[in-house]
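Colleague: attaching a predicted model along with its sequence, questions to come.
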2 protein chains.
Amino acid sequence: MHSPPAVLAELPRGDVLARDCPSRQILQHVTSRWGGLVMVALGRETLRFAQLRRRIGGISERMLAQTLQVLEADGLVARHDHGEVPPRVDYCLTAAGWEIATRVFALTDWIETHLPELLAERAEKAQALG
Amino acid sequence: MHSPPAVLAELPRGDVLARDCPSRQILQHVTSRWGGLVMVALGRETLRFAQLRRRIGGISERMLAQTLQVLEADGLVARHDHGEVPPRVDYCLTAAGWEIATRVFALTDWIETHLPELLAERAEKAQALG
DNA sequence: GTAAGTACCCACATAAATGTAAGTATCCAA
DNA sequence: TTGGATACTTACATTTATGTGGGTACTTAC
């Protein structure tokens, strides 16, 4: 009758409402300004750096590179460097990344679908104040 | 045979990958550092300002107030001022807010549940680099 | 009468995120 | 041979987000 490793025992589950829970970091990475969009874009297909940049309107090279690095460090996206010249690198989701992307997509999809209503509501409220 | 109002015709549906699509603003509001946590907290029950502040570890009064205002302007949370003294105000989700909160919760819940694996993965990668 | 709670707002300062422009080494098409 | 594409990185400047501490007007509990 032995208990699980100390590390796991101390981390049975995260709690995003807790101030110092590491789950917040992951959450922030996948919900950062560009993080979520990268997940959504990769949720459809494997893409190369420049392709991603074109899909995600408005993202700069710098932010795309940085975002991809963070997501890769979290084990959510996988980077495949073909070692060719000129460079050829493609990005796709890992198993965990796919799980998360699915949920991010559920969110973005609902918002996209109900945008007209959402905007109408917002406009009404704005006018009520004026 | 007439077409729908121009406004709606031009906005059949949002696209978060598009640079100037307003859906991005909504998305950012509900995935901002505190926005998502407020949605999750209110997803469980109606709460007063000070209660929310206690539930969401680390949030400042300033950010809570600001976040609530943005979410209210988007029509996702409703503010009820009982007009009493000392002040008594409570916050809850609107119908649209509930839809979104459900999806944000699906995301946070998956992350919370799989935190141990996620952290283990991250630790491995970090060590691989050193 | 002193302290704490309620729901905030405001000014100020700092921290974090993001953008811009340039540079790298190589290849291919015009 | 000039221009564009590839996948980045770096330095610098700026914008945005966030925190801190204080104040308000009033009540209840000690």
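Modeller: Yes, it's here.

Colleague: top helix in chain A by residue count?
Modeller: helix A:95-113 (DSSP state H).

Colleague: now the very next helix or strand once past it against helix B:95-113, angle please.
Modeller: Remark: after helix A:95-113, the chain's next helix or strand is helix A:115-129, criterion DSSP states H and E. In terms of direction (axes from the mean of the first three to the mean of the last three CA atoms, to 10 degrees), helix A:115-129 departs from helix B:95-113 by 120 degrees.

Colleague: how far off centre is helix A:115-129?
Modeller: 28 Å (CA atoms, centre = their mean, to the nearest Å).

Colleague: just the residues contacting it, thanks.
Modeller: A:111, B:7-8, B:11-14, B:21-23, B:26, B:72-75, B:96 (CB atoms under 8 Å, 6 or more residues apart in numbering or on different chains). Backbone N, C-alpha and C define where each C-beta goes, glycine included.

Colleague: in a helix, that's where A:R53 is, yeah?
Modeller: Yes: using DSSP: H, G, I helix; E, B strand; the rest coil, the assignment for A:R53 is a helix.

Colleague: what helix or strand is the residue nearest to it when sequence neighbours are not counted located in?
Modeller: Leaving aside its sequence neighbours, A:R53 sits nearest to A:L64 (CB to CB, 6 or more residues apart in numbering or on different chains; 5.4 Å). A:L64 belongs to helix A:61-73 when assigned by DSSP H and E.

Colleague: tell me which helix or strand comes right after that helix.
Modeller: Assigned by DSSP H and E, the successor of helix A:61-73 is strand A:77-81.

Colleague: relative to helix A:61-73, how tilted is that following strand?
Modeller: Using the same axes, to 10 degrees: strand A:77-81 against helix A:61-73 is 110 degrees.

Colleague: what's strand A:77-81 packed up against?
Modeller: helix A:35-44, helix A:61-73, strand A:89-93 (3 or more CB pairs under 8 Å, 6 or more residues apart in numbering or on different chains; DSSP states H and E).

Colleague: quick one: strands adjacent to it?
Modeller: strand A:89-93 (antiparallel) (DSSP bridges).

Colleague: CA atoms of the partner strand as CSV?
Modeller: Provided in CSV are the C-alpha atoms of strand A:89-93 (Å, rounded to 0.1, in the frame of the first residue of the first chain):
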residue,chain,number,x,y,z
VAL,A,89,9.8,23.9,-41.2
ASP,A,90,6.2,22.9,-40.5
TYR,A,91,4.1,23.0,-37.4
CYS,A,92,1.2,20.8,-36.2
LEU,A,93,-0.6,20.0,-33.0
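
Colleague: near DNA strand D, which residues of chain A?
Modeller: A:48-51, A:61-62, A:65-66, A:68-69, A:79, A:81, A:86-90 (CB under 7 Å from any atom of the strand).

Colleague: rerun at 6 Å
Modeller: A:48-50, A:61-62, A:65, A:86-89 (CB under 6 Å from any atom of the strand).

Colleague: which helix or strand in chain A has the lowest average pLDDT?
Modeller: helix A:6-10 (a mean of 53; mean pLDDT, DSSP states H and E).

Colleague: give me the contacts around whichever helix or strand comes after it.
Modeller: Going down the chain from helix A:6-10, the next helix or strand is helix A:23-31, by DSSP H and E. With contact meaning CB under 8 Å, 6+ apart, helix A:23-31 is reached by A:14-16, A:35-36, A:39, A:70-71, A:74, A:76, A:100, A:104, B:31-33, B:36, B:107-108, B:111-112, B:115, B:118.
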